[in-house]
Structures are given as C-alpha cells and as structure tokens.
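S.K.: Quick one: sequence plus predicted model below, questions after.
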Amino acid sequence: MIEERDILASSILIVDDEPTNADLLEMVLKQDGFHHIQVTTSSRESVGIYEKIRPDLVLLDLRMPDMDGFDVMAAIRKIEKDQSPFIIILTADSDPHVRIQALKAGAKDFLSKPLNLSEVLCRCRNLLEMKLLHNQLMEKKDRMQQMVQERTAELWTTNALLREEIAEREEFQVWLKKQNELLEMIGQGGGLTDCIDHIRNFWKTLSETSSCVHLLSKEGDSFRVGYQWGLSADFIDKLDNLSQQGESSSSNLAVGRDEMVVDIFPEPDDFTSKYSRLVFEEGYAAVWSIPIKGKENRILGTLDLYFDRPHHPDKIDKAWMHRISQLAGIVLERTRAEEKLSRVNSQLLHSEKLSAMGKLSASISHEFNNPILGIRNVLEQVARENVLDDGLQELSLLAIEECTRVMKLATRLRDFFKPSTGVTKAMVLERAVEDMVLLSLPDLRKNGIELDRFYQPELPKVFAVEDQIKQVVLNLIQNAAEALPERDGKIEVRVIKEKGCVLLQVKDNGSGIPDDIQDQIFEPFFTTKKDEVKGTGLGLSVTYGIVNNHGGHIEHERAEGGGTLFSVYLPISGNEQPGLINTFARAERSLV
C-alpha cells in the first residue's frame with residue numbers, strides 16, 4: 001500500500017520552452033502538496049538536470065527548439081540504461097502517429113494542451129504511485145533473490161557438511177572394523193610388533209614414518225627403545241645414550257604433560273638441545289610422541305613417530321595415536337604378566353625339583369646310615385677285642401671315624417632338605433654356619449679351594465628359622481666358590497657382632513661382580529653362568545628373600561684386593577620376638 005506522504009515526497013522535473021506553462025504546472029503541483037519540483041525551459045539543460053537529480057517523474061514538452069522531446073527522451077534512456085524512466089508528454093499535436101512514436105520512445109502517458117489541471121494532477125499521482133509500486137516490487141525482488149542466494153549457499157554448505165559427515169562415518173566404520181581386528185589379534189596373543197605392522201597396512205600416516213616404542217626404566221628416570229620400525233641401530237643407540245645422560249626429549253615432554261606432543265624441528269642454527277640436533281641430523285623434521293599407560297594410569301613408555309618432513313596430525317591421526325597408545329599399554333601389561341607368570345611357573349617347577357630332591361636325600365640318608373651303622377658297630381667290636389696288631393688296630397679306629405663322618409654328612413644332608421616349619425627360635429648362628437662349612441668342605445678341597453673361618457666368641461643368639469639360615473650360608477659359600485679362579489681360590493667366612501646385629505660375612509678372591517649387573521644379581525633367574533645345572537639364577541634371589549623375611553638385610557661390595565664381600569645382618573634375639581617367619585617350606589624356598 002502506497003502512503004500519501006510517499007507520493008508527495010516524490011521529485012518532479014518540468015521541461016517546457018513556454019515559461020507560462022512551466023510556471024502554471026509548478027504552481028498547481030505545489031498547491032497539491034508536492035515540494036520537490038525542478039523547472040527548466042531549456043531542453044538542452046534538462047538532460048544535465050535529470051542526470052543530477054534523477055527525478056521520479058518528468059513532464060516533458062514534445063515540441064521545443066534545439067532538442068525536441070524525442071531527443072530528450074533518447075538522452076534520458078542512455079542515462080538510465082536498464083531502468084525505464086517515468087515521462088508524461090505535453091503536446092498540442094493530436095496526430096495518433098506522433099503519440100505512438102512517443103510511446104515507443106519511452107513515454108508513459110500524454111497530456112494534451114491546453115492542459116486540464118485536474119487531469120494533470122490525477123495523471124501525475126497515478127504515475128508516481130505506479131513508480132513507487134514498481135520500486136517496492138524491485139526491492140522485494142532483490143530481497144527474494146538475496147534470500148534465494150543465501151538459502152542456496154546454505155544448502156551447498158549443508159550438502160558439503162553432509163558429504164563430509166558421510167565420509168567421516170564411513171571412515172569411522174572402517175576405523176571400528178580395524179580396531180575390532182586389532183582387539184581380536186591381541187586376544188589371540190598377538191604381540192606389539194604384530195599389531196603395529198597390521199596398523200601400518202591401513203593407516204597411511206604410520207606407513208610413511210619410522211617409529212619406535214620407548215619403554216620407561218624401573219626407576220622412571222630414563223627411556224630405552226623397546227620396539228622400533230625403520231630406525232637405524234646407530235640412531236637407537238644414540239637415543240638410549242641421551243636418555244641415560246638425562247637429556248630431555250619428546251618422550252620426556254609427552255610424559256611430563258601427559259598428552260600427545262608434536263615437535264617440529266627448526267633450522268640447525270636454532271637447536272636448543274642435543275636431542276633436536278640428533279633427530280635433525282638423522283634426517284627427521286618432526287616427531288609425534290604420546291604416553292603409553294598401563295593399569296591405574298601407570299606410565300609404561302611412549303609411542304614416537306618420526307617424519308622426514310614437517311607434519312601436523314589431523315583428527316584421524318590423533319585418534320589413531322591415542323588408540324595405538326592404549327593398545328600398546330594393553331599388550332605391554334599382558335606381556336609383563338605373561339613373563340611374570342612364566343617366572344612363577346619356572347619357580348614352581350624348581351620347587352618341585354627341590355621337593356623331590358629332599359625326599360630323595362632323606363631316603364638316601366636313611367639307606368646310607370643303616371649299613372654304615374652296622375659296619376661301624378662291627379669295627380668297634382673288633383677294636384674292643386684287641387685281636388688285631390697295632391697297625392690294623394689304628395686302621396680300624398680310622399675306619400670307625402670315617403663311618404661316623406659319613407653318617408654325620410648324611411644326617412646334615414637330610415636335615416638340610418627336611419621341610420621347613422617356618423617357626424623361629426633362638427639359635428646359635430655360628431653353629432649353623434659351621435654345619436654348612438663342613439658340608440661344603442669336601443667339594444672345596446677337591447677343587448683346591450682354601451676356606452678360612454672366624455667366629456667371634458660369646459656371640460648373642462639370633463631368632464631365625466635354622467634350616468633357612470643354613471640355606472643362606474650354603475648359597476653364599478657355593479656362589480663364592482663358583483666365582484673363584486681355577487688356582488689359589490680362597491673363601492673367608494666370618495661371624496661377628498656389629499651394629500646391634502650378628503653379622504655373617506662371606507668373602508672370595510674372585511673377579512668380582514661387573515658394574516653393569518650390580519643391580520640385577522638379586523633378581524630371580526638372573527645368572528652369568530653358562531652351565532644350566534650350576535646356574536639357575538635363584539641362589540641369591542632366595543637368599544635375599546630369606547634375609548628380608550627375617551628382618552635383616554644383605555649387602556655386597558668389592559672386596560679389598562679383588563673379589564666380592566657379601567654381608568648378612570641378622571637381628572639379635574633380644575631385638576625380635578619369636579614367631580612364624582612368612583616363608584615357604586624347604587621344598588618351596590625358591591619362591592621367596
């Protein structure tokens with residue numbers, strides 16, 4: 001709907017070479033309420049005025065000197081170009097051909113001279129209302145076109161997002177399928193290397209990189225490369241060395257932040273660490289590192305990917321990095337559990353062997369003692385009858401002593417393998433030590449090994465399980481004997497009081513314990529002996545467990561002049577209350 005004020009606010013240009021007509025039209029229009037009126041009697045000036053003010057309506061005389069109405073309309077059309085001007089022709093010519101020609105030239109209406117002023121006002125209002133309606137329609141058309149363009153753009157954007165979402169869903173379905181394959185592989189016992197190789201077949205980013213898994217040390221202060229794909233042995237050694245030296249790396253940063261870290265390495269002049277220079281010199285420009293966690297978020301290590309170009313991860317890359325780190329944590333935990341189970345099974349098997357050996361020893365001791373006792377009784381009877389000359393009498397007494405020694409040896413062997421009660425009691429430590437020394441002496445002498453012992457007088461008693469302490473002594477003596485050189489081997493055994501404890505020391509003059517295995521000698525099944533019979537790797541582990549369970553502790557150090565000195569501190573009986581030591585029976589000691 002067009003408002004009256006909008007019509008009266010329109011601009012009108014009057015072009016007539018007769019000043020009287022022009023003034024009359026201006027007066028009539030102003031009286032009707034129009035205020036924006038421009039008048040000219042020059043046809044040439046009218047074109048410039050039109051271009052300047054762009055009026056809504058033109059009242060144009062058709063017959064004028066210089067430029068007639070047709071020329072003026074042609075000039076106005078050039079100015080408007082695509083727009084159609086609103087022009088009313090003023091003419092006294094009644095020829096229909098002239099009027100048709102004017103309409104073709106662009107006129108919208110006619111007013112015949114002499115003018116009817118009421119008609120003039122009516123025609124002007126009608127054309128201006130038509131002009132305003134036309135403008136409204138054009139505005140609505142423009143708005144509709146803009147809306148259509150905006151909706152079309154929205155549809156294109158929505159379609160693009162939909163296509164992207166469909167692609168992501170398809171990729172996600174593939175991702176789920178591959179994860180299920182990995183979980184099935186892990187469930188069937190697949191190792192970390194098998195899983196990574198499988199992932200490399202379908203994750204392009206991983207297939208284009210070199211990668212490794214850094215495992216955190218037990219102390220939690222350094223990393224070592226546990227698994228690797230595509231890295232050189234020299235580069236791995238250098239990485240391990242830098243970690244041992246405490247140099248920071250992408251792995252340290254990922255563990256410290258507890259998140260995935262992306263390192264892009266700069267030009268050589270910008271290096272700030274040995275790690276950055278090493279990675280760059282190896283030909284890598286970027287490293288992705290993410291922590292690998294086990295149970296209760298315990299850090300096991302990191303997964304590191306090395307790129308030969310600067311490369312930032314996208315959403316799928318980040319998802320795969322997190323998933324692989326989770327799978328690696330599962331596999332590493334399972335591998336450690338399997339290794340632990342294997343050790344326990346080996347310990348159980350060893351304990352079964354010890355149990356069988358104990359039964360066999362008891363049987364042998366019994367079968368040995370009976371005939372030996374009979375032989376000794378006969379010899380003693382013969383010796384008492386004095387039927388032998390002096391030389392034979394001396395031999396018979398020697399034979400009696402040897403029979404007694406064999407019987408005592410068999411008894412010690414039986415007692416050593418007798419199942420442990422686990423009950424502590426006050427015991428004389430040096431007496432148990434001497435029993436084990438006497439048990440070991442025959443083998444030591446046969447191998448040319450000298451054994452010296454010293455027992456401090458009037459030592460206090462210790463609360464302990466006697467047969468377990470005997471095993472500790474025997475293990476230390478045997479361990480010392482196996483570390484001795486082929487000639488001039490010597491073992492020293494001392495029992496003294498020190499630091500409120502009874503101290504047992506076993507020293508040898510062997511080659512000593514190498515520095516690189518100092519922290520491993522008490523681990524189960526760790527041995528440097530090639531002979532599987534002599535070297536089960538359980539002796540020192542069992543000794544360590546027994547001493548700890550008795551409230552004591554064991555130390556080792558390099559002895560003066562070479563060799564190794566083991567020191568076992570056991571609490572004096574006044575410092576501990578008697579009770580049960582939580583250890584296994586003799587046949588199961590290797591599990592301590």
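M.R.: The structure has been received and is ready for your questions. As the structure is a prediction and not an experimental result, all values here were calculated from the model.
S.K.: To which secondary structure element is D234 assigned?
M.R.: Per DSSP states H and E, D234 falls inside helix 233-244.
S.K.: now the angle from the helix or strand just after that helix to helix 233-244?
M.R.: On the C-terminal side of helix 233-244, the closest following helix or strand by DSSP H and E is helix 250-257. Relative orientation of helix 250-257 versus helix 233-244 (axes from the mean of the first three to the mean of the last three C-alpha atoms, to 10 degrees): 40 degrees.
S.K.: which secondary structure elements does helix 250-257 contact?
M.R.: strand 261-264, strand 286-293, strand 299-307 (3 or more C-beta pairs under 8 Å, 6 or more residues apart in numbering; DSSP states H and E). (C-beta placed from N, C-alpha, C; glycine too.)
S.K.: And those strands: which comes nearest L182?
M.R.: strand 299-307 (14.2 Å; C-beta to C-beta).
S.K.: what does the closest one contact?
M.R.: 205-206, 208-216, 220, 223, 226, 231, 250-251, 254-255, 279, 282, 284-294, 321, 324-325, 328-329, 332-333 (C-beta atoms under 8 Å, 6 or more residues apart in numbering).
S.K.: now the angle from it to helix 233-244?
M.R.: 140 degrees.
S.K.: Which of the residues in strand 299-307 are classified as buried?
M.R.: L300, G301, T302, L303, D304, L305, Y306, F307 (16 or more other C-beta atoms under 10 Å).
S.K.: repeat for stretch 53-62
M.R.: Those buried within stretch 53-62 under the rule 16+ other C-beta under 10 Å are P55, D56, L57, V58, L59, L60, D61, L62.
S.K.: Let's see which of those end up in strands.
M.R.: L57, V58, L59, L60, D61 (DSSP state E).
S.K.: Could you figure out how far whichever strand or helix holds L121 is turned away from strand 57-61?
M.R.: L121 belongs to helix 117-187 when elements are defined using DSSP H and E. Here the directions of helix 117-187 and strand 57-61 differ by 140 degrees (the same axes, to 10 degrees).
S.K.: what packs against helix 117-187?
M.R.: Against helix 117-187 (3+ C-beta pairs under 8 Å, 6+ apart) you get helix 4-8, helix 19-31, strand 57-61, strand 87-91, strand 109-112, helix 192-200, helix 315-385.
S.K.: Outside of the third one itself, list whatever touches it.
M.R.: Contacting residues not belonging to strand 57-61 are listed as 10-18, 21, 25, 46, 50, 69, 72-73, 76, 85-91, 107, 111, 120, 124, 127-128, 131 [C-beta under 8 Å, 6+ apart].
S.K.: Grab the CA positions of whichever helix or strand comes after it and hand them over as PDB.
M.R.: Downstream of strand 57-61, the first helix or strand assigned by DSSP H and E is helix 69-80. Taking C-alpha atoms only, helix 69-80 is exported to PDB below (Å, rounded to 0.1, in the frame of the first residue of the first chain):
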ATOM      1  CA  GLY A  69      11.000  15.800 -26.700                       C
ATOM      2  CA  PHE A  70      12.200  12.700 -28.700                       C
ATOM      3  CA  ASP A  71      15.900  13.800 -28.400                       C
ATOM      4  CA  VAL A  72      15.500  14.500 -24.600                       C
ATOM      5  CA  MET A  73      13.900  11.000 -24.100                       C
ATOM      6  CA  ALA A  74      16.700   9.300 -26.000                       C
ATOM      7  CA  ALA A  75      19.300  11.100 -23.800                       C
ATOM      8  CA  ILE A  76      17.400  10.100 -20.600                       C
ATOM      9  CA  ARG A  77      17.300   6.500 -21.700                       C
ATOM     10  CA  LYS A  78      21.100   6.500 -22.100                       C
ATOM     11  CA  ILE A  79      21.400   7.800 -18.600                       C
ATOM     12  CA  GLU A  80      19.000   5.200 -17.100                       C
END
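S.K.: what comes up buried for the helix holding D234?
M.R.: F235, K238, L239, L242, S243.
S.K.: Skipping adjacent residues, who's closest to the third one in space?
M.R.: When you say that, I think you mean L239. V225 (6.0 Å; C-beta to C-beta, 6 or more residues apart in numbering).
S.K.: element containing the one you found, please.
M.R.: strand 223-229.
S.K.: ok, that strand: who's next to it in the sheet?
M.R.: strand 210-216 (antiparallel) (DSSP bridges).
S.K.: Over the strand it pairs with, what's the mean pLDDT, rounded is fine.
M.R.: Taken as a whole, strand 210-216 has a mean pLDDT of 79.
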